[in-house]
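*Asks:* fold the following for me, if possible:
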Amino acid sequence: MTQTKNSPPAESTWDSYFLHGESVSDDFMSEDDRLEVLELNQIVQERLDAGETPIHVPLDDLINEAETETVRKN
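*Replies:* Numbers count the residues shown, from 1 in each chain. Okay, here's the model as predicted:
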């Protein structure tokens, strides 16, 4: 598309995401990545509900715990 002096600026895909408040990350995350994030959120919520507020929990520990839970469920 050729832009002339009087034409409005071309809106890129990225501009559309940011201007319209759309989430970029969800569109570019794989389904497995979204499931991992969901599982981590569920583990954190379960800990908060149980009164086990994790202050400093290494991310690797949370990932390992989520993977262990996934294996148990399957």
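*Asks:* how close does E69 get to Q42?
*Replies:* 9 Å (C-beta to C-beta, to the nearest Å). (C-beta placed from N, C-alpha, C; glycine too.)
*Asks:* ok, E67 next?
*Replies:* E67 is 13 Å from Q42, by C-beta to C-beta.
*Asks:* mind listing what's buried in the helix or strand that contains D61?
*Replies:* Under the criterion DSSP states H and E, the helix or strand holding D61 is helix 59-73. Of the residues in helix 59-73, L62, A66 count as buried by neighbour count, 16 or more other C-beta atoms under 10 Å.
*Asks:* now swap in stretch 40-59 and tell me
*Replies:* So for stretch 40-59, counting by 16+ other C-beta under 10 Å, buried means I43, V44.
*Asks:* how long is it end to end?
*Replies:* For stretch 40-59, the separation between the terminal residues is 9 Å (C-alpha to C-alpha, to the nearest Å).
*Asks:* go on, stretch 41-59?
*Replies:* 12 Å.
*Asks:* pLDDT on that stretch, on average?
*Replies:* For stretch 41-59, mean pLDDT is 79.
*Asks:* can you list contacts of it?
*Replies:* Stretch 41-59 is contacted by residues L62, E65, A66, E69 when judged by C-beta atoms under 8 Å, 6 or more residues apart in numbering.
*Asks:* 6 Å instead, please
*Replies:* Stretch 41-59 is contacted from outside by E65, A66, using C-beta atoms under 6 Å, 6 or more residues apart in numbering.
*Asks:* now do stretch 62-70
*Replies:* Residues from elsewhere that reach stretch 62-70, judged by C-beta under 6 Å, 6+ apart: E39, L40, I43.
*Asks:* could you list which of these belong to helices?
*Replies:* E39, L40, I43 (DSSP state H).
*Asks:* just put the residues you listed in JSON lines and tack on distance to D33.
*Replies:* What follows is those, written out as JSON lines (distance: C-beta to C-beta, whole Å):
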{"residue": "E39", "distance to D33": "11"}
{"residue": "L40", "distance to D33": "11"}
{"residue": "I43", "distance to D33": "16"}
